[in-house]
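K.L.:
Model the following, please.
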Amino acid sequence: MTGTREEFLDRYRETAPALYGYLWKACAGERERVEDLLQETYAVAITVWQRGRPDDVVLPWLLTVARNKLIDAYRREEREARKLARLGSPVDVTDPFGGAASEHVFAAIRSLPPLQRAVITLRFVDDLSLAETARLLGKRVAAIDSLQRRALQALREILREDDDDDR
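P.N.:
Sure, this is the predicted structure:
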């Protein structure tokens, strides 16, 4: 049975206050997080609804989805905190290279082909293994290894040329 748009909106109106209240308590009143999780939860609900399962979109199910979304958010934060802790000291995430140097490095990275940029990001920003990167990009590990080597070589050459130009 497929529910109509109006029926979904009715279900939303029925469940949103209780779901918001649950998330408000679960997030200790952190409004931005509550609103993000509410949106993510209803995005899942819309997908389930559109797949012809409107009877699944009930408050207990929505609470479970919201709880899982909250747990996922905390896990992401924990991973990020561990990554920052491995760096040893506080890091200015907005400008990790310091001033003009960061724009110089960012410009070099932006000049790479998109797939090489993706590999650099997944490997060195997200700290994923070659195998994880290969899985996410739908490539073989050997291909990712090759892309990474080419990207790093290209970055070295770009940055070396820029240094030579500055002299």
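
K.L.:
C-alpha only now, for contacts and for neighbours.
P.N.:
OK.

K.L.:
In the chain, what helix or strand scores lowest on average pLDDT?
P.N.:
helix 100-110 (a mean of 73; mean pLDDT, DSSP states H and E).

K.L.:
Pull out the buried positions in that helix.
P.N.:
Neighbour-count burial for helix 100-110 flags 108, 109 (criterion: 16 or more other C-alpha atoms under 10 Å).

K.L.:
That one: how far from the chain's middle?
P.N.:
Mean-position distance between helix 100-110 and its chain equals 22 Å (C-alpha atoms, centre = their mean, to the nearest Å).

K.L.:
which other helices and strands contact whatever helix or strand comes next after it?
P.N.:
Downstream of helix 100-110, the next assigned helix or strand under DSSP states H and E is helix 114-120. Helices and strands touching helix 114-120, by 3 or more C-alpha pairs under 8 Å, 6 or more residues apart in numbering; DSSP states H and E, are helix 141-166.

K.L.:
Report the angle between the helix it packs on and helix 100-110.
P.N.:
Interaxial angle, helix 141-166 versus helix 100-110 (axes from the mean of the first three to the mean of the last three C-alpha atoms, to 10 degrees): 130 degrees.

K.L.:
what's near enough to touch residue 115?
P.N.:
residue 147 (C-alpha atoms under 8 Å, 6 or more residues apart in numbering).

K.L.:
Ignore what I typed, I meant residue 56.
P.N.:
So, once contact is read as C-alpha under 8 Å, 6+ apart, residue 56 ends up touching 48, 49.

K.L.:
From residue 63, how far off is it?
P.N.:
The gap separating residue 56 from residue 63 is 12 Å, by C-alpha to C-alpha, to the nearest Å.

K.L.:
Thank you kindly, that will do.
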